[in-house]
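K.L.:
the following block contains a protein sequence and its predicted model.
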Amino acid sequence: MTELSAPSLEHRAPEPDSWVWQLQNTLRTARELDHALSLTPAERAAAERAEQEGFPLAVTPHYLSLVDRSDPNCPIRRQVVPAPAEGNPGRGDLRDPLGEEAHEVAPDLVQRYPDRALLLVSDRCAVYCRFCTRSRMVGAGGGPRSVQRLGPALDYLRAHPEVRDVIVSGGDPLTMKTERLTAILRALRDIPSVETIRLATRVPVALPQRITLELVQALREFHPIWIMTHFNHPRELCPASRAALARLSDHGFPVMNQAVLLRGVNDDPATLTELFRGLVRERVRPYYLLQMDPVRGTSHLRTSVQKGIDIMEALQGRLSGIALPKLIMDTPGGFGKIPLGPDYVLERGGGRTKVRTPRGVIVEYFDPEE
Ligand code: SF4
C-alpha cells in the first residue's frame, strides 16, 4: 500500500475522481489483476510469481481504465502486467543498473554528479511499472521516510554545499502524506545551498486525482520546485491527467517529462510524435527519451540502441525543438548520462564541415578565417 491509504470506503458508490477511492481500489494481487483483465495462463503465472517473490503489483483503477481490454498487446497493459519473460536474465542485465547502491553517500541519498543528489523518500508507488530501474527496492524498501530518518542525508547535504539540485524520488514522493512530504521539503529549503528541488513522480499519469488544489498549494510554498514526470504513451494524456498537469502549471511548477523507450509501447516515431506534441499542448516539456536501463529480467521491454537513434532521426525536423527530447543513455554502472543520436557530420577538416540534413541534403559549413 502507499502511505495515502485512506479510511475504508467499502459499500460506497464508486468515486473515480477521488484519489482516496483510487487507492482503496488499487489492484494489488494476481487474482485481482486476472479478474480485471482476464490474464492469459502465462501472465497469471507471472503475476503470481511477482506477487509472491518479485517486484510487487499495483494498478490504480484510473490506470486500468486506460487499458484496451480487447488488445492483448495494449501499450498500457504492457507497462503494468508482468510478462512471462519477466525475471528471465538477459545479457548485460543488472540488479542495480545505475550503480546507485555504490554511490550512496548517506542512507537514502545517492550522489553520482558533483552538483546533484537523489533523495529516496519512499519505496511506494501508485503503480509498479514492470520496467522500473529501482525494482530492486520499490515496494519492499521500508515505506515512506520521516525527516528524522533522513537526518544523515540532510546532514550530508548541509556539509556539501556543492550540491545545488536535489531530486526527491523513490518510489514516488507524491504517494506520501502531504504533511510528511512538506516536512522533508521544509528541511531541504532550510539548507541554503539547495537551490533547486525536483519531484520525480508518476502520479500525474497513474493517480492524477492526487494532484489536488490542497496539494499544489502546500507544495508551492517551497518553490522553485520542478516536477519530473513520466508519460510514456499518448493515451496516458487523458482528461484527468491533463487536468492534473494544468493545475501544476497554473501553480507555477515547471513540468518536464522523462519518457522511457519501451518495446511494444512507444518504439515508433508516430506514437512518440503524438506523445511529445500532446505534452507540449499541456505545457509539459519533453525533456528526455531514455534508452531503457538494463534492469534484470526486463529485456523483453528494451529496444536496441540503434532503434532509438533511428527514431530520433525520424523525429528530427518533424518536431519543433520544444517538442523534441534528448535521447539519453544512463550508462550502466552509474557513470552518468550521455546523449545519443544520429550523426549528421560527414567530414570535417581544414575549417570545412560537411553535414547532411534530416532530409538528406549535403551542405558545407566553413569556419571563419583566422
Ligand atoms: S512509478 Fe517510477 S519508481 Fe515507481 S515503479 Fe514506476 S518507474 Fe519505478
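P.N.:
Sure, I can see it.
K.L.:
when you work out contacts or count neighbours from here on, use the C-alpha atoms and nothing else.
P.N.:
OK.
K.L.:
can I assume Leu315 is in contact with Thr271?
P.N.:
No. Leu315 lies out of contact with Thr271 (Cα atoms under 8 Å); the separation is 10.8 Å.
K.L.:
have a look at those two and say which one is more surrounded.
P.N.:
Comparing Leu315 with Thr271 by other Cα atoms under 10 Å, the one with more neighbours is Leu315, at 20 against 15.
K.L.:
which residues touch Leu185?
P.N.:
The neighbourhood of Leu185, defined by Cα atoms under 8 Å, 6 or more residues apart in numbering, consists of Phe222.
K.L.:
how about the one 10 residues further on?
P.N.:
Contacts here follow Cα under 8 Å, 6+ apart; on that basis Glu195 touches Arg164, Asp165, Pro224.
K.L.:
what's opposite the residue of the stretch 251-370 of the chain found nearest the ligand in the beta bridge?
P.N.:
Closest approach of the stretch 251-370 of the chain to the ligand (Cα to the nearest ligand atom) occurs at Val260, with a separation of 9.2 Å. Under the criterion DSSP bridges, Val260 forms beta bridges with Leu290.
K.L.:
just the pLDDT for it.
P.N.:
As summarised for this prediction, Val260 has a pLDDT of 98.
K.L.:
give me the neighbour count for it.
P.N.:
A count of neighbours around Val260, defined by other Cα under 10 Å, yields 24.
K.L.:
ok, it - contacts?
P.N.:
Contacts for Val260 were tallied using Cα under 8 Å, 6+ apart; they are His230, Asn232, Leu289, Leu290, Gln291, Met292.
K.L.:
any chance of these in TSV, plus pLDDT?
P.N.:
Formatted as TSV, the entries for the contacts of Val260 read as follows, by pLDDT from 0 to 100:
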residue	pLDDT
His230	98
Asn232	98
Leu289	98
Leu290	98
Gln291	98
Met292	97
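K.L.:
for Ala183, which three-state class applies?
P.N.:
Under the three-state scheme (DSSP: H, G, I helix; E, B strand; the rest coil), Ala183 adopts helix.
K.L.:
quick one on the thing from earlier: any idea how far Leu154 is from the residue of the stretch 251-370 of the chain closest to the ligand?
P.N.:
Per Cα to Cα, to the nearest Å, Val260 is found 30 Å from Leu154.
K.L.:
now Leu327
P.N.:
From Leu327 across to Leu154, the span is 32 Å (Cα to Cα).
K.L.:
quick one: the strands in the stretch 151-300 of the chain, in order.
P.N.:
Applying DSSP state E, counting those that start in this stretch to the stretch 151-300 of the chain gives strands spanning 165-169, 196-200, 225-229, 255-260, 284-290.
K.L.:
where exactly do the helices run in the stretch 51-200 of the chain?
P.N.:
Remark: helices of the stretch 51-200 of the chain, listed N- to C-terminal, are 61-65, 75-80, 151-159, 178-189; assignment by DSSP state H, counting those that start in this stretch.
K.L.:
so which of these is nearest the ligand?
P.N.:
helix 75-80 (8.8 Å).
K.L.:
for that closest one, C-alpha coordinates in PDB please.
P.N.:
Listed in PDB are the C-alpha atoms of helix 75-80, where the atom choice follows Å, rounded to 0.1, in the frame of the first residue of the first chain:
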ATOM      1  CA  PRO A  75       0.700  -0.500 -24.500                       C
ATOM      2  CA  ILE A  76      -0.800   0.500 -21.200                       C
ATOM      3  CA  ARG A  77      -1.300  -3.100 -20.100                       C
ATOM      4  CA  ARG A  78       2.300  -3.900 -21.200                       C
ATOM      5  CA  GLN A  79       3.700  -1.400 -18.700                       C
ATOM      6  CA  VAL A  80       2.000  -2.900 -15.600                       C
END
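K.L.:
nearest to Pro89, of the strands of the stretch 151-300 of the chain?
P.N.:
When the strands of the stretch 151-300 of the chain are compared by Cα to Cα, strand 255-260 sits nearest Pro89, at 20.0 Å.
K.L.:
now do the closest one against strand 284-290, angle only.
P.N.:
Relative orientation of strand 255-260 and strand 284-290, computed by axes from the mean of the first three to the mean of the last three Cα atoms, to 10 degrees: 30 degrees.
K.L.:
centroid-nearest residue for this protein?
P.N.:
Centrality entry for the chain: nearest residue to the mean C-alpha point is His230, 3.9 Å, by Cα atoms, centre = their mean.
K.L.:
from Gln291, how far out is it?
P.N.:
Remark: distance between His230 and Gln291 (Cα to Cα) = 14 Å.
K.L.:
can you check Leu279 too?
P.N.:
19 Å.
K.L.:
and if you look at Pro75?
P.N.:
17 Å.
K.L.:
now Ile225
P.N.:
Distance of Ile225 to Gln291, given as Cα to Cα: 26 Å.
K.L.:
same question, Leu237
P.N.:
The spacing between Leu237 and Gln291, counted by Cα to Cα, is 21 Å.
K.L.:
what's the answer for Glu48, then?
P.N.:
Where Gln291 is concerned, Glu48 sits at a distance of 29 Å (Cα to Cα).
K.L.:
kindly report the same for Arg49.
P.N.:
For Arg49 relative to Gln291 (Cα to Cα), the value is 27 Å.
K.L.:
and for Arg359?
P.N.:
According to Cα to Cα, Arg359 stands 25 Å off from Gln291.
K.L.:
likewise for Ser299?
P.N.:
Using Cα to Cα, one gets 12 Å for the distance from Ser299 to Gln291.
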